[in-house]
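Student: Got a predicted model here, sequence first, then my questions.
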Amino acid sequence: MAVETSIAEIAALRRDHPDIRFVDVLLADLCGIPRGKRVTIEELAQVYDGGFLLPGSMFALDVHGGTIEATHLGFDEGDADRACIPVPGTLLPVPWTNEGVAQVQVSMRDKDGSPFFGDPRHVLSNVLERFRKLGLTPVIAVELEFYFVDRERTVAGRIQPPRLPQTGRREYRTQINSMADLNEYSAVLADISAGCAAQRIPSGTALAEYGPGQFEVNLHHSADALAACDEAIRFKRLVRGVAARQGMEATFMPKPYAEFAGSGAHLHVSLLDASGANVFASEGICGNETLHHAIGGLAATMADAMLVFAPTINSYRRYRPEAYVPLNPTWACNNRGVALRIPVSSAENRRVEHRVAGADTNPYLFTAAILAGIHHGITQKIDPGAPLAGNAYRDSNATLPITWPEAALAFERSTFIREYFGSGFQNLFLTTRRGELRAFELNVSTLEYDWYVTTS
C-alpha cells in the first residue's frame with residue numbers, strides 16, 4: 001500500500017473517531033472465519049508498514065481452528081510467519097462494541113513479497129485477471145441468509161429460536177416474507193443497517209425467510225468483486241456482533257434445524273465491456289448467446305466446485321428435494337428451483353443468479369469458482385442446452401455430488417479447479433476439508449447411542 005494512502009487512512013480514522021483505542025487486524029481463513037490480532041491505535045502504523053505477521057498455517061486450519069498438519073504449513077515449516085498487508089478502504093469502526101475498536105482487513109504475502117498462494121483473496125484476484133485480459137469486468141451482488149437463535153440451548157443441547165423481542169414468545173412456524181417477523185426483529189435489523197452504513201457495506205433489501213428467525217440481506221451490486229467479498233466478510237462479522245449485543249446469536253450454518261429451511265449464499269453476476277455496457281443485456285428474459293455460454297460453463301463446472309460451495313459436513317444437510325436447494329446443474333428463466341436462474345429484470349440489468357452454495361461458503365472462493373465457470377463457458381462457447389420449464393425437482397435424482405466425500409473427490413480430480421485455482425491451492429483446500437471430515441468422523445454422536453447401544 002502506498003505510504004500516502006496509509007497515512008491518509010489512519011489520519012481519517014483518528015479524525016472521525018477520536019475514541020478509537022484498538023484495531024482488530026483481520027485475515028479471513030479458508031473457511032471465511034476472520035482471524036488475527038488486536039493492536040493499539042499507536043501500533044497501527046506498523047501494520048501498514050508491513051510489520052504485521054501471521055503464520056501461513058492460518059490457511060491450514062479446520063473450522064474450529066485446528067491445524068491440519070498434512071498441509072505442511074504447520075510444524076513442517078516451523079509455523080513460519082508471513083507479512084499481512086492492509087486492504088485499502090477497510091479501516092473502519094466497529095460500531096457494535098463500546099470499547100473504542102476499529103478493524104482493518106489484511107491479505108497475506110509470501111516470504112518473497114509475492115501473493116501467498118493459500119490466501120483465498122489472491123485466488124479471486126487471479127481469476128479476475130483473466131477477465132481483465134478479455135476486457136470484461138464482473139459485476140456481482142451477494143445475498144446471504146442466516147438465523148437468529150437463542151443463546152440458551154434446549155435440554156438436549158440443541159439450538160432454538162429466540163424469544164421474539166416484542167411479544168416474548170418463541171416462534172416455531174415458517175412464514176416467508178412475514179412483515180410481522182420483520183417488525184419483531186426491527187431493532188436488531190435497524191442496528192445491522194446502521195452498522196452496514198458505518199462499515200461501508202452497501203446493504204439493501206432485508207426479508208424474513210422461511211425459518212423462524214431466518215432472514216436474508218442483499219448486498220448491492222459492485223463492479224469491484226474483491227471489495228464486494230471484503231464487504232461480505234465484514235457483514236457476517238457485523239451480524240454476529242449486533243446479534244450478541246441484542247442478547248441473541250446469529251448463525252450462517254447452512255442447516256441449523258433439520259425441519260426448517262437451510263441458509264444459502266446466492267451470487268448475481270453480469271459482465272461489463274470496456275464501454276460499461278452489460279454483455280448479457282437482451283430484450284428477451286432468457287438472455288443472449290454470451291449469457292448462455294456463461295451458464296453453460298457454470299453448469300459444466302458446478303460439480304467440480306461443490307466442495308467450495310459446500311465446505312462443511314453441515315453444508316450437505318441442505319440438499320434435499322423441493323427445498324429451494326438445487327440438486328442438479330439446471331438453468332431456467334424466472335424459476336427459483338434451478339441452480340442457475342435468470343431473474344426478471346430490465347434488459348440492461350440481465351444477469352445470472354447462482355443458487356447452489358450454503359451460507360458457510362468462503363465469499364472469495366465462492367465468487368472465484370463462479371467467475372471461473374463463467375470465464376470457462378465464454379471462452380469455450382459452451383452450450384447449456386434448453387432451459388428447464390416447470391418443477392425443477394420432478395427428477396429428484398441428484399447429479400451433483402451432494403455428500404462431502406463425493407464433493408472432495410470431484411474437487412481433487414478437477415482439471416478445471418487446477419487451472420483456475422492452481423494445483424497448490426487445490427491440494428491445500430482439499431487437505432483441510434478432508435482433515436476436518438476425518439475429525440468429524442472420529443466423533444461418536446448421541447444419535448449413534450440412541451440407535452446402536454441396545455441393538456448392536
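Tutor: Yep, that arrived. Numbering: from 1, shown residues only.

Student: Any idea how many residues pack against L164?
Tutor: Counted by other CB atoms under 10 Å, the residues lying close to L164 total 18. Quick note: C-beta positions are derived from backbone N, CA and C, even for glycine.

Student: What sits closest to it if chain neighbours are left out?
Tutor: E184 (4.5 Å; CB to CB, 6 or more residues apart in numbering).

Student: ditto for C229
Tutor: For C229, the closest residue by CB to CB, 6+ apart turns out to be P363, at 4.1 Å.

Student: My read is that the one you found contacts G32, right?
Tutor: Yes: using CB atoms under 8 Å, P363 is in contact with G32, at 6.1 Å.

Student: Verify the contact between C286 and P387 for me.
Tutor: Yes: with contacts counted by CB under 8 Å, C286 reaches P387, the gap being 6.0 Å.

Student: More neighbours: the two, which one.
Tutor: P387 (19 against 16).

Student: how about the more buried one, secondary structure?
Tutor: At P387, secondary structure determined by DSSP: H, G, I helix; E, B strand; the rest coil is coil.

Student: repeat for the one 5 residues further on
Tutor: Three states are possible here, and by three-state DSSP the one that applies to A392 is coil.

Student: Give the burial count for it, as a bare number.
Tutor: Neighbour tally, A392, other CB under 10 Å: 23.

Student: And the strands in the stretch 151-300 of the chain?
Tutor: Along the stretch 151-300 of the chain, counting by DSSP state E, counting those that start in this stretch, strands occupy 203-208, 214-219, 248-251, 265-272.

Student: For the stretch 1-150 of the chain, give me the ranges with low pLDDT.
Tutor: With pLDDT under 70 as the threshold, the stretch 1-150 of the chain has low-confidence stretches at 1-5.

Student: Which other helices and strands does the longest helix along the chain contact?
Tutor: Identified as the longest helix of the chain according to DSSP state H is helix 225-245. Applying 3 or more CB pairs under 8 Å, 6 or more residues apart in numbering; DSSP states H and E, we find helix 225-245 packed against strand 22-28, strand 101-108, helix 120-134, strand 137-150, helix 186-198, strand 214-219, strand 248-251, helix 363-380.

Student: okay, the strands of the stretch 151-300 of the chain in JSON lines with distance to R318 and mean neighbour count next?
Tutor: JSON lines is the format used below for these (distance: least, CB to CB, whole Å; neighbours: other CB atoms under 10 Å):
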{"stretch": "strand 203-208", "distance to R318": "19", "mean neighbour count": "16"}
{"stretch": "strand 214-219", "distance to R318": "13", "mean neighbour count": "22"}
{"stretch": "strand 248-251", "distance to R318": "14", "mean neighbour count": "20"}
{"stretch": "strand 265-272", "distance to R318": "11", "mean neighbour count": "23"}
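
Student: and of these, who's closest to I140?
Tutor: The closest of these to I140 is strand 265-272. By CB to CB, the value is 5.4 Å.

Student: who's in contact with the closest one?
Tutor: 131, 136-145, 221, 223, 278-280, 290, 294, 343, 349-355, 357-359, 361, 363, 366-367, 370-371, 374 (CB atoms under 8 Å, 6 or more residues apart in numbering).

Student: rerun that using 6 Å as the cut-off
Tutor: The contact list for strand 265-272, computed with CB atoms under 6 Å, 6 or more residues apart in numbering, reads 136-144, 278-280, 351-355, 357, 359, 361, 370.

Student: Quick one: buried ones out of those residues?
Tutor: Neighbour-count burial (16 or more other CB atoms under 10 Å) applied to these gives 136-144, 278-280, 351-355, 357, 359, 361, 370.

Student: Surely P95 is in contact with A198?
Tutor: Yes: using CB atoms under 6 Å, P95 is in contact with A198, at 4.5 Å.

Student: Could you check which of those two is surrounded by more residues?
Tutor: P95 (20 against 15).

Student: Find the helix or strand that that one is a member of.
Tutor: Under DSSP states H and E, no helix or strand contains P95.

Student: for A45, same thing?
Tutor: Secondary structure from DSSP H and E places A45 in helix 44-46.

Student: Outside of that helix itself, list whatever touches it.
Tutor: For helix 44-46, contacts defined as CB under 6 Å, 6+ apart pick out I10, V23.

Student: Would you mind identifying the next helix or strand past it?
Tutor: Sequence order places strand 53-55 as the next helix or strand after helix 44-46, per DSSP H and E.

Student: Can you tell me the strand partners of that following strand and which way each runs?
Tutor: With DSSP bridges as the test, strand 53-55 is paired with strand 81-86 (antiparallel).

Student: Same question for the strand it pairs with: list its buried residues.
Tutor: R82, A83, C84, I85, P86.

Student: Nearest to L207, out of the residues you listed: which one, please.
Tutor: Nearest to L207 among these is P86, at 34.1 Å by CB to CB.

Student: close enough to count as contact, the closest one and S107?
Tutor: No: using CB under 6 Å, P86 makes no contact with S107, being 8.4 Å away.

Student: before we move on, back to that, which one of the helices and strands packed on helix 225-245 has the most crowded surroundings?
Tutor: Most buried of these, by mean neighbour count (mean count of other CB atoms under 10 Å): helix 363-380, with a mean of 25.

Student: ok, residues contacting it?
Tutor: With CB under 6 Å, 6+ apart as the test, helix 363-380 has contacts from 120-121, 123-124, 127, 130, 138, 225, 229, 232, 267, 293-294, 296-298, 301, 305, 308, 354, 357, 420.

Student: Rounded mean pLDDT for the longest helix of the chain, please.
Tutor: Mean pLDDT, computed over helix 225-245, is 97.
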